[in-house]
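Q: Could you work out the structure for the sequence below:
(chains A and B)
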Amino acid sequence: MVAKYILDIDIEKCNACMRCVFACSLARSGVIDERQAMIKIIVEKGIVIDIAVCRHCDPAPCVNVCEFDALRVEDGRVVLDQSRCTTCKACISVCPFGAIRESYGGELVKCDLCGGDPACVRVCPTGAIKYVPAHMVKTRRISSVAKTIHEYLEKIGGR
Amino acid sequence: MKTVIIGGGIGGIYTAYYLTKYGYTPNNITVIAAEWPPYSKHRLAEVLSEKLSIDYTYIGIYNLLLDKGINVIHGVADKIDVTGKKVLLKGGSEITYDNLVIATGGKPFIPPIKGVELDNTMSFYDIGDLRKLMRIRGPLRIAVIGAGLVGLTAASALKKMGATVTVYELMEDILPGVIDKPLSSKLKNYLSGKGLRIHTGTGVEEIIGDRRVKGVKASGRIDPADIVVFTTGVRPNTDLVKDTGIETVRGAIRINRSGATSIKNIYATGDCALSHDLITGKEVYRPLGFVAAHYARIIARNITGTKKETRGIVPTIYENIGGAHIVRVGLSLKEAESLGLSPTLRCEETIDQISCTVFEERRPIGYEAVGFSERIRNKAWQVYYDIHTLFS
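A: Below you'll find the model as predicted:
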């Protein structure tokens, strides 16, 4: 089996240059438009406080709550099937990372890792977003949430 | 074996979807739909405020179902013959079934006050209402009656379109069924600061006008208005089951944990039916899309031969209203009380978010948060899993 790769986020290194956001939007929709991007840099009072993007939790709370079969884990990626989504937004309510967002007409968007070659990683000049094997992200603060999710789900035995 | 599904809304089409997923022959599925293609009510406000095409509201899954070969009858079911196992349609035709799924949805509740019959009064419920509001031109004064999730999203969308919007809520707080007081008062301040006029604890006594709406009389005074939008809740649309012997409770079809009604081989899901609350195990009326889809899956399992019972629903709600994030997982304090519990509330506040956890005997049974920054991060997911751990 191929090692699972996910995004490794380090907000300390982010200078909010927005290249990732624009690259993401371009890759997804062919235009530069923040609302079509699946990654969002959240800046407050001049400080980057968050890079909201899917961490591809597995098991994932969003997949657990989706009653429409629109979210599923596929090759280690959490993917959203637009054709099945009704915009009920249950997934947004339980996402630990605020990573699922509304685009035009209420369409929900989330990172799909560009099928394995994330555009955001390609353009990030500071190394704030890296694409690395999942096991290398273990020590990071963010993955502690993912770990807790896993422990929680093991306890309850999934769905 | 033929399965007939009455209703082309969420409950209906997702029952068809799950049936095909679990191996049921698509050609043996017939959906009777008054409206087609199926659309999502969650997208009406966005499409309205962003002036998008109505196509944005459609749920893509219908193409998949048609490709698979399910049958769709564009029509309205008039009568169910439970002994003859057939559905009679308006216009005279009929269709027999082995399994029947009733997914007739809900209908907007309009309070019985004087003037509701005037022109320019409407609800904000279906695609017809969206079409009406899309035709509006020019600056208008719009009164929205009812500050629930639908009311506030509609009000916020109408304001974005350029209308002057006033919201009236009979209860003391906004989002009365969704979040509790500490959060709703913060949200009210925030939305008022954004220019939405909100009157809580204010019952509308009369819609004033002479053929057309001229104003709204509430708490003794009259505010001018050009359009009145009622968002005062949903009731089950179950006229069809009258005299069939299918058991209802206050108009909603009673279903068991397999989604079956009191009559064999007849199931029901969605806004026409009750559902089960996971925490208390009680029957509740929750007209929400994911509840419909949850039972659609259960029903499809049972029809395709896997006996399956639901443990019940844990509500998981998110909405963005005027830039504020509203999250609710599990029960609110008020809903828990109404279900016979004696809950307590513990709240935390940061610079951009207020969140509360609802406890029953020290066990978390709910979580609610209102955030005012771009960031949507909270502990809802933890409480969601806590509830499943503790109550399943």
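Q: what's near enough to touch A:Glu44?
A: By C-beta atoms under 8 Å, 6 or more residues apart in numbering or on different chains, the contact list for A:Glu44 reads B:Asp352, B:Ser373. Every C-beta, even on glycine, is put in place using the N, C-alpha and C of the backbone.
Q: Show the model's pLDDT score for B:Thr15.
A: B:Thr15 carries a pLDDT value of 98.
Q: next SSE after whichever strand or helix holds it?
A: Per DSSP states H and E: B:Thr15 is located in helix B:10-21. Counting by DSSP H and E, the element after helix B:10-21 in chain order, helix or strand, is strand B:29-33.
Q: and that next one, C-alpha only, in CSV?
A: As requested, C-alpha coordinates have been extracted for strand B:29-33 and formatted as CSV (Å, rounded to 0.1, in the frame of the first residue of the first chain):
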residue,chain,number,x,y,z
ILE,B,29,-38.5,1.8,-8.0
THR,B,30,-41.0,4.5,-8.9
VAL,B,31,-40.9,8.0,-7.4
ILE,B,32,-44.0,10.1,-7.6
ALA,B,33,-42.8,13.6,-7.6
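Q: Show me what it pairs with in its sheet, parallel or antiparallel.
A: Pairing partners of strand B:29-33, with direction, according to DSSP bridges: strand B:3-6 (parallel), strand B:71-74 (parallel).
Q: Determine which stretch of those is the most buried.
A: strand B:3-6 (a mean of 27; mean count of other C-beta atoms under 10 Å in any protein chain shown).
Q: which residues sit against that strand?
A: Residues outside strand B:3-6 that contact it (C-beta under 8 Å, 6+ apart): B:12, B:15-16, B:19, B:24, B:28-32, B:77, B:80, B:87, B:95-104, B:240, B:303.
Q: Just name the shakiest helix or strand of chain A by mean pLDDT.
A: In chain A, no helix or strand scores lower on mean pLDDT, DSSP states H and E than helix A:141-156, which sits at a mean of 59.
Q: re earlier: Serialize the strands paired with strand B:29-33 to TSV and add fields for mean pLDDT.
A: Below are those laid out as TSV (pLDDT from 0 to 100):
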stretch	mean pLDDT
strand B:3-6	98
strand B:71-74	97
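Q: For chain A, what lies in contact range of chain B?
A: A:40, A:42, A:44, A:49-50, A:52, A:61, A:65, A:67-69, A:82-90, A:92-98, A:102, A:104-107, A:148-149, A:152-153, A:155-156 (C-beta under 8 Å from any C-beta of the partner chain).
Q: Show me which of these are buried.
A: By neighbour count, with 16 or more other C-beta atoms under 10 Å in any protein chain shown, these hold A:40, A:42, A:49-50, A:52, A:61, A:65, A:67-69, A:84-90, A:92-98, A:102, A:104-107, A:149, A:152-153, A:156 as buried.
Q: Using PDB, write out every CA atom in the longest helix seen in chain B.
A: Determined from DSSP state H, the single longest helix within chain B is helix B:289-303. Extracted in PDB, the C-alpha atoms of helix B:289-303 (Å, rounded to 0.1, in the frame of the first residue of the first chain):
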ATOM      1  CA  GLY B 289     -32.900  17.000   5.700                       C
ATOM      2  CA  PHE B 290     -30.400  14.800   7.400                       C
ATOM      3  CA  VAL B 291     -33.100  13.200   9.500                       C
ATOM      4  CA  ALA B 292     -35.000  12.300   6.300                       C
ATOM      5  CA  ALA B 293     -31.900  10.800   4.700                       C
ATOM      6  CA  HIS B 294     -31.000   8.900   7.900                       C
ATOM      7  CA  TYR B 295     -34.400   7.100   7.800                       C
ATOM      8  CA  ALA B 296     -34.200   6.800   4.000                       C
ATOM      9  CA  ARG B 297     -31.100   4.600   4.500                       C
ATOM     10  CA  ILE B 298     -32.700   2.600   7.300                       C
ATOM     11  CA  ILE B 299     -35.800   2.000   5.200                       C
ATOM     12  CA  ALA B 300     -33.700   1.000   2.200                       C
ATOM     13  CA  ARG B 301     -31.800  -1.500   4.300                       C
ATOM     14  CA  ASN B 302     -35.000  -3.100   5.600                       C
ATOM     15  CA  ILE B 303     -36.700  -3.200   2.200                       C
END
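Q: and that helix with strand B:29-33, angle?
A: Interaxial angle of helix B:289-303 relative to strand B:29-33 (axes from the mean of the first three to the mean of the last three C-alpha atoms, to 10 degrees): 150 degrees.
Q: Name the residues of helix B:289-303 that come out as buried.
A: Buried, per 16+ other C-beta under 10 Å, within helix B:289-303: B:289-303.
Q: can you give me the offset of the helix holding B:Thr15 from its chain's centre?
A: In terms of C-alpha atoms, centre = their mean, to the nearest Å, the centre of helix B:10-21 is found 18 Å from the chain centre.
Q: ok, now stretch A:20-33?
A: Taking the mean of its C-alpha atoms, stretch A:20-33 sits 15 Å from the chain's own mean (C-alpha atoms, centre = their mean).
Q: on that earlier part again, how about the helix holding B:Thr15 and chain A, any contact?
A: Yes. Residues of helix B:10-21 contacting chain A under C-beta under 8 Å from any C-beta: B:Ile10, B:Tyr14, B:Tyr17, B:Tyr18, B:Lys21.
Q: State the pLDDT value of the fourth one.
A: The one in question is B:Tyr18. 98.
Q: Name the nearest residue to it, ignoring sequence neighbours.
A: Excluding the flanking residues, the one nearest B:Tyr18 by C-beta to C-beta, 6 or more residues apart in numbering or on different chains is B:Ala300, at 3.4 Å.
Q: go on, the second one?
A: Across the structure, with C-beta to C-beta, 6+ apart as the measure, the residue nearest B:Tyr14 apart from its sequence neighbours is B:Ala296 (3.9 Å).
Q: what's the residue closest to the geometric middle of chain A?
A: The centre of chain A sits closest to A:Cys54, judged by C-alpha atoms, centre = their mean, with a distance of 1.1 Å.
Q: Just the buried ones out of the contacts of strand B:3-6, please.
A: Buried among the contacts of strand B:3-6 by 16+ other C-beta under 10 Å: B:12, B:15-16, B:19, B:24, B:28-32, B:77, B:80, B:87, B:95, B:97, B:99-104, B:240, B:303.
Q: three-state assignment of residue 91?
A: If you meant another chain, say so; for now it's chain A. What DSSP: H, G, I helix; E, B strand; the rest coil gives for A:Cys91 is helix.
Q: actually it's chain B I care about, not the one you picked
A: Classified using three-state DSSP, B:Gly91 is coil.
Q: for B:Gly151, same thing?
A: helix.
Q: residues contacting the nearest residue to it once chain neighbours are set aside?
A: Distances taken as C-beta to C-beta, 6+ apart place B:Thr231 nearest to B:Gly151, at 3.5 Å, with adjacent residues excluded. By C-beta under 8 Å, 6+ apart, the residues touching B:Thr231 are B:Pro108, B:Ser123, B:Phe124, B:Val144, B:Ile145, B:Gly146, B:Gly148, B:Val150, B:Gly151, B:Ala154.
Q: Now do the last one against chain A, distance only.
A: In this structure, B:Ala154 lies at 13 Å from chain A, with C-beta to the nearest C-beta, to the nearest Å as the measure.
Q: The fifth one too?
A: Using C-beta to the nearest C-beta, B:Ile145 is found at 23 Å from chain A.
Q: quick one, what contacts B:Leu64?
A: By C-beta under 8 Å, 6+ apart, the residues touching B:Leu64 are A:Ser83, B:Tyr17.
Q: can you check B:Gly7 too?
A: Contacts of B:Gly7 by C-beta under 8 Å, 6+ apart are B:Val31, B:Ile32, B:Ala33, B:Ala34, B:Val101, B:Ile102, B:Ala103, B:Thr104, B:Gly105, B:Gly270, B:Cys272.
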